[in-house]
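K.L.:
following is a predicted model, sequence given first.
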Amino acid sequence: MAQDETAIAELEQWGVMTTPVTIIDDELVIGFDREKLDALLSDKETEQDE
């Protein structure tokens, strides 16, 4: 990531300067939070099934 200035700029826009960061539907997950990631992805799958 240190060589990807676009990625750095995007993280700065979110006010984050750490990794890993995952963004799902404008929801920010900082670090590896399996429970939150599972919940967000589960919601995403439900939306796609409708």
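P.N.:
Yep, that arrived.
K.L.:
now the longest helix anywhere in the chain: mean pLDDT?
P.N.:
Criterion DSSP state H: the longest helix present in the chain is helix 34-49. Averaging pLDDT along helix 34-49 yields 84.
K.L.:
does anything pack onto it? Which helices or strands?
P.N.:
Using 3 or more C-beta pairs under 8 Å, 6 or more residues apart in numbering; DSSP states H and E as the contact test, the elements touching helix 34-49 are strand 21-24, strand 27-30. Heads up, the C-betas are built off the backbone N, CA and C, glycines and all.
K.L.:
so for that helix, what gets flagged as buried?
P.N.:
By neighbour count on 16 or more other C-beta atoms under 10 Å, the buried set for helix 34-49 is 36, 40.
K.L.:
returning to what we had before: can you add mean pLDDT and distance to E10 and give the helices and strands packed on helix 34-49 back as TSV?
P.N.:
TSV is the format used below for the helices and strands packed on helix 34-49 (pLDDT from 0 to 100; distance: least, C-beta to C-beta, whole Å):
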stretch	mean pLDDT	distance to E10
strand 21-24	91	9
strand 27-30	94	11
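K.L.:
contacting residues around the residue lying closest to E27 once chain neighbours are set aside?
P.N.:
Of all residues not flanking E27 in the chain, L40 sits nearest, at 5.6 Å (C-beta to C-beta, 6 or more residues apart in numbering). Contacts for L40 were tallied using C-beta atoms under 8 Å, 6 or more residues apart in numbering; they are 24-25, 27, 29.
K.L.:
okay, the helices and strands packed on helix 34-49 in CSV with mean neighbour count next?
P.N.:
CSV is the format used below for these (neighbours: other C-beta atoms under 10 Å):
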stretch, mean neighbour count
strand 21-24, 15
strand 27-30, 14
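K.L.:
please name whichever of the ones you listed is nearest to K36.
P.N.:
Counting by C-beta to C-beta, K36 lies closest to strand 27-30 out of the helices and strands packed on helix 34-49; the figure is 5.2 Å.
K.L.:
mind exporting that closest one as CSV, just the C-alpha atoms?
P.N.:
Taking C-alpha atoms only, strand 27-30 is exported to CSV below (Å, rounded to 0.1, in the frame of the first residue of the first chain):
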residue,chain,number,x,y,z
GLU,A,27,-19.4,0.9,6.2
LEU,A,28,-15.9,1.0,7.5
VAL,A,29,-14.3,-2.0,9.2
ILE,A,30,-10.9,-1.3,10.7
